[in-house]
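Enquirer: when you get a sec, could you give me coordinates for this:
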Amino acid sequence: MTEKFLFKEAKKILDKLNYATWFTHKTKYYPKTDIFGAFDMVYLYQDGTPAFVQITTMGHKTDREKKIAEIFKGRTYPAYSYVWAYDSKQKTFKVFKLQK
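Expert: I've put the predicted structure just below:
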């Protein structure tokens, strides 16, 4: 799975729900930037509440959860925070909420 494919699939889902989305962008000088050093995208629920998402595959889910936990060690996660892990067998994302 390529990152581009995963982002495209996530956007497709959120577009169907009519949510506004914003993804981090690669540039010549910054090949990868994350929101708060942890998340790949943010979307807005219809009431305007933000949700932060790390997009990955099922095989890397635990690694991403550990990475985010380390970044926010001793602090609360911003707003709603999720890991969307793509399950290639079911061809869909499984969503894991990070906030307690």
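Enquirer: what does stretch 82-94 rub up against?
Expert: Contact with stretch 82-94 is made by 1, 6, 9-10, 13, 51-58, 60-61, 64-65, 68, 95-98, as judged by CB atoms under 8 Å, 6 or more residues apart in numbering. For every residue, glycine as well, the C-beta is placed using N, CA and C.
Enquirer: from these, which land in strands?
Expert: Secondary structure from DSSP state E places 51-57, 95-97 of these in strands.
Enquirer: in PyMOL, how would I select the buried members of those residues?
Expert: Here is the PyMOL command that picks out the buried ones among the ones in strands among the contacts of stretch 82-94, judged by 16 or more other CB atoms under 10 Å:
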select buried, resi 51+52+53+54+55+56+57
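Enquirer: just put the ones in strands among the contacts of stretch 82-94 in a markdown table and tack on distance to Val42 and pLDDT.
Expert: Output for the ones in strands among the contacts of stretch 82-94, formatted as a markdown table (distance: CB to CB, whole Å; pLDDT from 0 to 100):
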| residue | distance to Val42 | pLDDT |
| --- | --- | --- |
| Ala51 | 7 | 94 |
| Phe52 | 5 | 94 |
| Val53 | 7 | 96 |
| Gln54 | 11 | 95 |
| Ile55 | 12 | 96 |
| Thr56 | 16 | 96 |
| Thr57 | 20 | 96 |
| Val95 | 15 | 97 |
| Phe96 | 17 | 96 |
| Lys97 | 15 | 95 |
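Enquirer: how about the ones in strands among the contacts of stretch 82-94, which pair is most distant?
Expert: Ala51 and Thr57 (19.8 Å; CB to CB).
Enquirer: can you give me the distance of Lys12 to Met58?
Expert: 19 Å (CB to CB, to the nearest Å).
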